[in-house]
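K.L.:
need coordinates for the following:
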Amino acid sequence: MDDTASIYEHEPSFYAEHKKVYPQRVSGTFRTLKWAILGLTLAAYYLLPFVRWDRGPNAPDQAILVDLPGGRFYFFFIEIWPQEVYYFTGLLIFAAIALFLMNAIAGRVWCGYMCPQTVWTDLFLMVERWTEGDRRARMMLDAAPWSVSKAYKKASKHLMWLVIAWWTGGAWVLYFADAPTLVYELATFQAPATAWMWIGILTLTTYVLAGFARDQVCTYMCPWPRIQAALTDEEALNVTYKFDRGDPRHALKRAAALEAKGERVGDCVDCYQCVAVCPTGVDIRNGLQLECIQCGLCIDACDTVMTKIGRPTGLIGYDTDLNIERRLKGEPTKIRLIRPRTIIYVAVLIAVGGLMLSQFLTRDEFDISALHDRNPQFVLLSDGGVRNGYTVRLLNKQLERRTFALTLTGLPGSRLEVVGVDPLADGSLEIGVPPDTTRAVRVLVFAPANAKASGSTAVTFEAVEKASGERIRVEDFFKWPGQ
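P.N.:
Numbers count the residues shown, from 1 in each chain. Now for the predicted structure:
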């Protein structure tokens, strides 16, 4: 029994315990770029619900609003109706192709700079450094026994994290209701239960994912690293350690001694600064890895060290493995951003974007449909005429009442009646449709005896909007006896 227990005790495990990553503060071009993107994206996310946009009477004035009760999505001058869900499909396709294009040009540039997980993790790390100090101070604090000072620093950090997480969840629900009104209701505890529920869910997920999971989200939870590995090619720029220049690696003093002996040494001095600043703890010198989000912070760290020791910068940079091979052969490097893959992606983007734009610019703000009676398909009248019945639906997508004149073409001598609607003095039929409503009317079409035919005749219902003169048509068939 003891021998069996001993065997299992020493059996190797496929699970590697996660080690906490302590990213070090760094400054440089890419860190500045990341701060700028962080500031712009967070400002947009938190402030856009309060931006107003005048759409006229009876319409909400919030610039970006998902109006679920009203069945509308508003984005400044754009208004999307439930029947136009295909626009969201088009946007998803557009976003996917744009992501593929980013990957073809510069690898996981989305992950490193614009992904919400990256942005909020950076924000939480900023708070962590402010309350607990930089990398070494945080490592020492975690290893130290609990004290009043440690408890104060930890509590301050988590309190600020929770405030950020709560406002993140709160900002999200503001996109689904009038923002100032909902803020007042939240402040006075009059907000609906669904608002509190979603704020709670998003507060918890932000707090956990940005505060604790961090690099584990990028490594284990996100599918994009695995997808992009299948999409990338050898011409895509990636954050790359240029081993043709950096190896063999030696500490600075050791490198100086070897150089004095006439031996070749690389520019890398094994300082591990590239590892210390990495938010996922990757050693970029081991090549492209699943965990690397291509944020470029290792480039800033390496350039700082190279500048201090008087060596050229760029030992780590955006490059390709093909260029390393070219340099080893003494050939010039090449950057091919324009190639068949990127041309195809751009063409697809233009096609999808152009199709959506043309559809948006030519769409109608009202619609008409006609459904012929199934049983009976026709009624033979006593005077020899024929009557057909239809259900005609008029859809008014605007937030104000509209009046339509309904006519029929394609059947000479025919007469049109709308059940419940009296014709005007000139014989025209006007149908009023309330705001944001579909109105179904019963339509009867009478054909005179002398127009008798067999089979079916194509007819067209036309609705003309009285105020604007806009026209929309729908085709159907008039059924005759003896078909």
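K.L.:
contacts and neighbour counts: CA atoms only from here.
P.N.:
Fine.
K.L.:
quick one: buried residues of stretch 369-380?
P.N.:
369-370, 372, 378-379 (16 or more other C-alpha atoms under 10 Å).
K.L.:
residue ranges with poor pLDDT in the stretch 351-483 of the chain?
P.N.:
Low-confidence segments of the stretch 351-483 of the chain, defined by pLDDT under 70: 425-427, 483.
K.L.:
so where do the strands sit in it?
P.N.:
Using DSSP state E, counting those that start in this stretch, the strands of the stretch 351-483 of the chain run over residues 366-372, 379-380, 386-396, 402-409, 415-418, 429-433, 437-447, 456-465, 471-479.
K.L.:
against which helices or strands is the last one packed?
P.N.:
Read it as strand 471-479. Under the contact definition 3 or more C-alpha pairs under 8 Å, 6 or more residues apart in numbering; DSSP states H and E, strand 471-479 sits against strand 366-372, strand 456-465.
K.L.:
adding distance to Asp436, write these out as a markdown table.
P.N.:
A markdown table is the format used below for the helices and strands packed on strand 471-479 (distance: least, C-alpha to C-alpha, whole Å):
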| stretch | distance to Asp436 |
| --- | --- |
| strand 366-372 | 10 |
| strand 456-465 | 15 |
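K.L.:
and Tyr184, which of these is closest to it?
P.N.:
Checking these against Tyr184 by C-alpha to C-alpha gives strand 366-372 as the closest, at 36.2 Å.
K.L.:
mind listing what that closest one pairs with, with the direction of each?
P.N.:
With DSSP bridges as the test, strand 366-372 is paired with strand 386-396 (antiparallel).
K.L.:
give me the most central residue, this structure.
P.N.:
Nearest to the mean C-alpha position of the chain, counting by C-alpha atoms, centre = their mean, stands Ala95 at 6.6 Å.
K.L.:
buried ones in the helix or strand containing that one?
P.N.:
Per DSSP states H and E, Ala95 falls inside helix 86-106. Residues 87, 93-94, 97-106 are the ones in helix 86-106 that count as buried (16+ other C-alpha under 10 Å).
K.L.:
likewise stretch 236-245?
P.N.:
Quick answer for stretch 236-245 (16+ other C-alpha under 10 Å): 236-243, 245.
K.L.:
over to stretch 220-235?
P.N.:
Result for stretch 220-235 [16+ other C-alpha under 10 Å]: buried residues 225, 228, 232, 235.
K.L.:
gap between the two ends of that stretch?
P.N.:
End-to-end span of stretch 220-235 (C-alpha to C-alpha, to the nearest Å): 26 Å.
K.L.:
find me the pLDDT at Ser6, would you?
P.N.:
Listed pLDDT for Ser6 reads 50.
K.L.:
nope, Pro12 is what I meant
P.N.:
For Pro12, the model assigns a pLDDT of 56.
K.L.:
what of Asp3?
P.N.:
Reported pLDDT for Asp3: 55.
K.L.:
got it, and Glu9?
P.N.:
Value for Glu9, per-residue pLDDT: 54.
K.L.:
for the stretch 151-300 of the chain, which segments count as helices?
P.N.:
Assigned by DSSP state H, counting those that start in this stretch, the stretch 151-300 of the chain shows helices spanning 179-187, 193-208, 215-216, 224-231, 243-246, 252-260, 273-276, 297-308.
K.L.:
can you put those in JSON lines and add distance to Thr438 and mean pLDDT?
P.N.:
Listed next are the helices of the stretch 151-300 of the chain as JSON lines, based on distance: least, C-alpha to C-alpha, whole Å; pLDDT from 0 to 100:
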{"stretch": "helix 179-187", "distance to Thr438": "29", "mean pLDDT": "93"}
{"stretch": "helix 193-208", "distance to Thr438": "29", "mean pLDDT": "95"}
{"stretch": "helix 215-216", "distance to Thr438": "50", "mean pLDDT": "90"}
{"stretch": "helix 224-231", "distance to Thr438": "42", "mean pLDDT": "82"}
{"stretch": "helix 243-246", "distance to Thr438": "68", "mean pLDDT": "89"}
{"stretch": "helix 252-260", "distance to Thr438": "78", "mean pLDDT": "85"}
{"stretch": "helix 273-276", "distance to Thr438": "62", "mean pLDDT": "95"}
{"stretch": "helix 297-308", "distance to Thr438": "56", "mean pLDDT": "95"}
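K.L.:
my read: Cys295 touches Met114, true?
P.N.:
No. Using C-alpha atoms under 8 Å, Cys295 makes no contact with Met114, being 9.8 Å away.
K.L.:
comparing those two, which residue is more hemmed in?
P.N.:
Between Cys295 and Met114, Cys295 has the larger neighbour count (other C-alpha atoms under 10 Å), namely 23 against 15.
K.L.:
check contacts around the residue lying closest to Gly170 once chain neighbours are set aside.
P.N.:
In this structure, Gly170 finds its nearest non-sequential neighbour in Ile199, 5.3 Å apart by C-alpha to C-alpha, 6 or more residues apart in numbering. Ile199 sits next to 166, 169-170, 172-173 when contact means C-alpha atoms under 8 Å, 6 or more residues apart in numbering.
K.L.:
can I get the buried part of those as one ChimeraX selection?
P.N.:
Restricted to buried positions by 16+ other C-alpha under 10 Å, the ChimeraX selection for the contacts of Ile199 reads:
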select :166,169,170,172,173
